[in-house]
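> Predicted model follows, preceded by the sequence.
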Amino acid sequence: MSGTARTAGAQARHPSGGAHPVTTPRRQIAAEVAFWAALAGSFFLMPEQLTLMSQVLIFGLFAVSLDMALGYAGILTVGHAAFFGAGAYAAGLLAKHGWGEPISGLAVALAVGLALGWLLSWLVVRGTDLARLMITIAVCVLLYELANRLSAITGGTDGLQGMAVSPLLGRFEFDFFGRTAFIYSFVVVLGVFLVVRRVLRSPFGMALRGIHDNRKRMLALGAPVDARLRMAYAFSAGVAAIAGALLAQTTQFVGIESIGFNRSAEVLIILVLGGTGRLYGGLLGAVVYMLVHDRFADMNPQYWMFWLGLFLIGAVLVGRGGLMGLLARLTQGRRRDAGGAA
């Protein structure tokens, strides 16, 4: 086999358009276990910041939901907070009006997100990229103004208050220190992430990659492109709604900013920082962004956004393809050095 063929065989095309070395299953499993073990270990290593770590997990799941639509299906959207906020309000209103059982609240939020995403997908999928941008922004703004207008129901700019979330499994209270909230968030995020990974590695996920890479070729092969994209968009909306419901239940509060455009922009930054079209990009981006955000806010409460902006600019310039792209290039360089030494 020629050197060129060996090089091509050692690389795999990625939905983001780049190429990265194929990781052996054993190393991949070890890296995944280490990542989730590190997140779980924060329960013991960061006992005073469990509320922050719960939000890291939640926003990581939110970024994963956006990655399904943007990074894998290629649907350009900047209004994903519409589904996040819809899930938060669904769980919050249930808890406020006497149904505070958290797991069933997640199920209701999932149903609301799936239904809303499916309805909007008929508008989003049919348009061009520019039309999709305008539609998703418009929907996000409309829902924000609707939530503000219906202040008697949603609380308006004061937020939805008076939620009473029942103990988890009837035994574990949501305590002030965030222990139950962290464990609950970790288990839900891990479970939903495994489902998302299963979907993206299924034939349906392979079809999404094909549509992302070459839509016309998939149409020529007879693939139901629009139907696949609608399903992907609805599924991503459901996952975003679960993330919103988690935030509402663990904080027992729903702010109107949950459904605002700024929240959509924030999760887009998290995803770009971590790397689009990469399964762990949203999670890694959330870990780095939220921790850096918290550190800069403590260091300089008045001008912390200035330093955060500098950090994001530097991260984008250094890490082409996000942090996951940077890690892939570093891994490839180490393997090339090891191969040369051998």
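Great, that's in hand. Source: prediction; values computed, not measured. Numbering: from 1, shown residues only.

> as a whole number, average confidence for the helix or strand harbouring residue 83?
For residue 83, the element it lies in under DSSP states H and E is helix 81-96. Per-residue confidence for helix 81-96 averages out to 91 on the pLDDT scale.

> what does stretch 199-211 give?
Across stretch 199-211, the per-residue pLDDT values average to 87.

> And the contacts of that stretch?
Residues outside stretch 199-211 that contact it (C-beta atoms under 8 Å, 6 or more residues apart in numbering) are 15, 68, 72-74, 217-218, 223, 225, 228-229, 231-232, 235, 279. Yep, even glycine has a C-beta here, placed from its N, CA and C like the rest.

> List just the nearest of the residues you listed to residue 42.
Among these, residue 279 lies closest to residue 42 (C-beta to C-beta), at 20.8 Å.

> any idea which of the contacts of stretch 199-211 is least confident?
With pLDDT as the yardstick, residue 15 is the minimum among the contacts of stretch 199-211, at 44.

> Wait, residue 184 touches residue 250, no?
Yes - the pair residue 184 / residue 250 is scored as a contact, 6.9 Å apart, by C-beta atoms under 8 Å.

> In the stretch 201-342 of the chain, mark out all the helices, start to finish.
Defined through DSSP state H, counting those that start in this stretch, the helices belonging to the stretch 201-342 of the chain, from first to last, are 203-213, 215-220, 225-251, 261-274, 281-299, 304-318, 322-341.

> most packed of these?
helix 225-251 (a mean of 26; mean count of other C-beta atoms under 10 Å).

> who does that one touch, helix- and strand-wise?
Taking 3 or more C-beta pairs under 8 Å, 6 or more residues apart in numbering; DSSP states H and E as the contact definition, the neighbouring helices and strands of helix 225-251 are helix 50-67, helix 81-96, helix 102-124, helix 179-200, helix 203-213, helix 215-220.

> now the longest one: how far from the chain's centre is it?
Counting by C-alpha atoms, centre = their mean, to the nearest Å, helix 102-124 is centred 15 Å from the centre of its parent chain.

> Could I get the buried residue list for whichever helix or strand comes after that helix?
Toward the C-terminus, helix 102-124 is succeeded by helix 129-149 as the next helix or strand (DSSP H and E). For helix 129-149, the buried set under the neighbour-count rule, 16 or more other C-beta atoms under 10 Å, comprises 132, 133, 135, 136, 137, 139, 140, 143, 144, 147.

> got a list of what residue 121 touches?
Taking C-beta under 8 Å, 6+ apart as the criterion, residue 121 is in contact with 229, 230, 233, 234.

> quick one: which of those is nearest residue 96?
Closest to residue 96, out of all of the contacts of residue 121 and judged by C-beta to C-beta, is residue 234, at 26.7 Å.

> Report the separation between that closest one and residue 308.
When distances are taken as C-beta to C-beta, to the nearest Å, residue 234 and residue 308 turn out to be 33 Å apart.

> and what of residue 331?
Applying C-beta to C-beta to residue 331 and residue 308 gives a distance of 28 Å.

> Residue 291 now?
From residue 291 over to residue 308 the distance is 12 Å, taken as C-beta to C-beta.

> what is in contact with residue 184 and residue 250 at once?
residue 174.

> what about this structure, any weak spots by pLDDT?
Judged against pLDDT under 70, the low-scoring parts of the chain cover residues 1-24, 319, 321, 332-342.

> could you redo the last one with a cut-off of 50?
1-22 (pLDDT under 50).

> which residue ends up closest to the midpoint of it in space?
Per C-alpha atoms, centre = their mean, the C-alpha nearest to the average position across the chain is that of residue 63, at 1.8 Å.

> which residues touch that residue?
Residue 63 is in contact with 267, 270, 271, 274, 281, 282, 283, 285, 286, counting by C-beta under 8 Å, 6+ apart.

> Looking at these, which is nearest residue 295?
Closest to residue 295 out of the contacts of residue 63 is residue 286 (14.6 Å), distances taken as C-beta to C-beta.

> wait, isn't that closest one in contact with residue 54?
No - Residue 286 lies out of contact with residue 54 (C-beta under 8 Å); the separation is 11.5 Å.

> So which of the helices of the stretch 201-342 of the chain is nearest residue 173?
With distances scored as C-beta to C-beta, the stretch of the helices of the stretch 201-342 of the chain nearest to residue 173 is helix 225-251 (12.4 Å).

> For that closest one, what is the distance to the chain centroid?
Between the mean C-alpha position of helix 225-251 and that of its chain there is a distance of 9 Å (C-alpha atoms, centre = their mean).

> Repeat that for stretch 130-143.
Taking the mean of its C-alpha atoms, stretch 130-143 sits 19 Å from the chain's own mean (C-alpha atoms, centre = their mean).

> what residues does that stretch touch?
The set of residues external to stretch 130-143 that reach it, using C-beta under 8 Å, 6+ apart, is 75-82, 85-86, 120, 123-124, 127, 259-261, 264.

> got a list of what residue 180 touches?
The neighbours of residue 180, taking C-beta under 8 Å, 6+ apart as the test, are 168, 172, 173, 174.
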